[in-house]
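S.K.: Need a 3D model of the following:
(2 chains)
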Amino acid sequence: GAVVSQHPSRVICKSGTSVKIECRSLDFQATTMFWYRQFPKQSLMLMATSNEGSKATYEQGVEKDKFLINHASLTLSTLTVTSAHPEDSSFYICSARGLHRGTNEKLFFGSGTQLSVL
Amino acid sequence: QKEVEQNSGPLSVPEGAIASLNCTYSDRGSQSFFWYRQYSGKSPELIMFIYSNGDKEDGRFTAQLNKASQYVSLLIRDSQPSDSATYLCAVNPNNNDMRFGAGTRLTVKP
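M.R.: I've put the predicted structure just below:
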């Protein structure tokens, strides 16, 4: 099956620093990548949708200047949490939708990044 | 009304029993429906997807879809303790993004 690689798996950082999370589709081309955030015992909350070569579309209530998304190629999207604060501590998960039949109707998830801001 | 609704549980069944997980959705135009399993601290993994009304079986899992009632369910036969997880129902309302329910926590007791 299609594989999505997400790094790092865990980050601990000081308040005020920026953290970059990478999401790569390893064996397929992903036209669209999605970034989710999940707090403990809660469901996935869609933060933004990114399409290769265009600006990301953010969900209501998600600050685009705080959560910078770059979808530079068909296999890579990055999420940068700028000036992170303790309330940004969460589990961040990316997912990708493929370009071709067999990968374009489902979402394939990365392994997630647990961000802890001290 | 939430776009995708699930009973949060917890749902507890004995080992070997059938676990039944339910989900309703609000967008009548939705075309594809998914069930994901998520273990604590891990990412969701796809278990089943269904596009047409009726039942779809894959091993111990059966997905059921009723578009008229806007209802999709997942049955797990011969439940095992390893099936204990949170099950997320997801709906693809516009062929672009995917909307998730809050998840149902399932516990299978040995």
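
S.K.: Output the set of residues of chain B in proximity to chain A.
M.R.: By Cβ under 8 Å from any Cβ of the partner chain, the part of chain B that sits against chain A consists of B:32, B:34, B:36, B:41-46, B:49, B:88, B:90, B:92, B:96-103. Backbone N, C-alpha and C define where each C-beta goes, glycine included.

S.K.: could you redo the last one with a cut-off of 10 Å?
M.R.: B:2, B:4, B:6, B:8, B:31-32, B:34, B:36, B:38, B:40-46, B:49, B:51, B:86, B:88-90, B:92, B:95-103, B:105 (Cβ under 10 Å from any Cβ of the partner chain).

S.K.: In strands, which of those appear?
M.R.: B:4, B:6, B:32, B:34, B:36, B:38, B:45-46, B:49, B:86, B:88-90, B:92, B:99-100, B:105 (DSSP state E).

S.K.: Among these, name the buried ones.
M.R.: B:4, B:6, B:32, B:34, B:36, B:38, B:46, B:49, B:86, B:88-90, B:92, B:99-100, B:105 (16 or more other Cβ atoms under 10 Å in any protein chain shown).

S.K.: Closest to chain A out of these?
M.R.: Of all those, chain A sits closest to B:F100, with 4.7 Å by Cβ to the nearest Cβ.

S.K.: looking just at contacts, which helices and strands does the helix or strand of chain A with the lowest mean pLDDT meet?
M.R.: In chain A, the helix or strand scored least confidently by mean pLDDT, DSSP states H and E is strand A:108-109, which has a mean of 88. If contacts are counted by 3 or more Cβ pairs under 10 Å, 6 or more residues apart in numbering or on different chains; DSSP states H and E, strand A:108-109 sits against strand A:4-7, strand A:30-38, strand A:90-98, strand B:45-50.

S.K.: residues making contact with it?
M.R.: For strand A:108-109, the external contacting residues (Cβ atoms under 10 Å, 6 or more residues apart in numbering or on different chains) are A:1-4, A:6, A:23, A:25-28, A:30, A:33-34, A:36, A:44, A:93-98, B:36, B:38, B:42-46.

S.K.: B:S26 contacts B:G101, doesn't it?
M.R.: No: contact criterion Cβ atoms under 10 Å: B:S26 and B:G101 do not qualify, at 11.1 Å.

S.K.: between these two, what contacts are shared?
M.R.: Shared contacts of B:S26 and B:G101, counting by Cβ under 10 Å, 6+ apart, come down to B:K2, B:E3, B:V4, B:E5, B:V91.

S.K.: Pull stretch A:24-40 out as PDB, backbone CA atoms only.
M.R.: Extracted in PDB, the C-alpha atoms of stretch A:24-40 (Å, rounded to 0.1, in the frame of the first residue of the first chain):
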ATOM      1  CA  ARG A  24       6.500  12.800   2.400                       C
ATOM      2  CA  SER A  25       4.600  10.400   0.100                       C
ATOM      3  CA  LEU A  26       7.200   7.700  -0.600                       C
ATOM      4  CA  ASP A  27       5.800   5.600  -3.400                       C
ATOM      5  CA  PHE A  28       3.100   7.800  -5.000                       C
ATOM      6  CA  GLN A  29       2.500  11.300  -6.000                       C
ATOM      7  CA  ALA A  30       0.200  13.300  -3.700                       C
ATOM      8  CA  THR A  31      -1.700  16.200  -5.300                       C
ATOM      9  CA  THR A  32      -3.300  17.000  -2.000                       C
ATOM     10  CA  MET A  33      -2.100  16.800   1.600                       C
ATOM     11  CA  PHE A  34      -4.000  17.400   4.700                       C
ATOM     12  CA  TRP A  35      -2.800  18.400   8.100                       C
ATOM     13  CA  TYR A  36      -4.700  17.400  11.200                       C
ATOM     14  CA  ARG A  37      -4.300  18.100  14.900                       C
ATOM     15  CA  GLN A  38      -5.600  15.800  17.600                       C
ATOM     16  CA  PHE A  39      -5.800  16.500  21.200                       C
ATOM     17  CA  PRO A  40      -5.900  13.600  23.700                       C
END
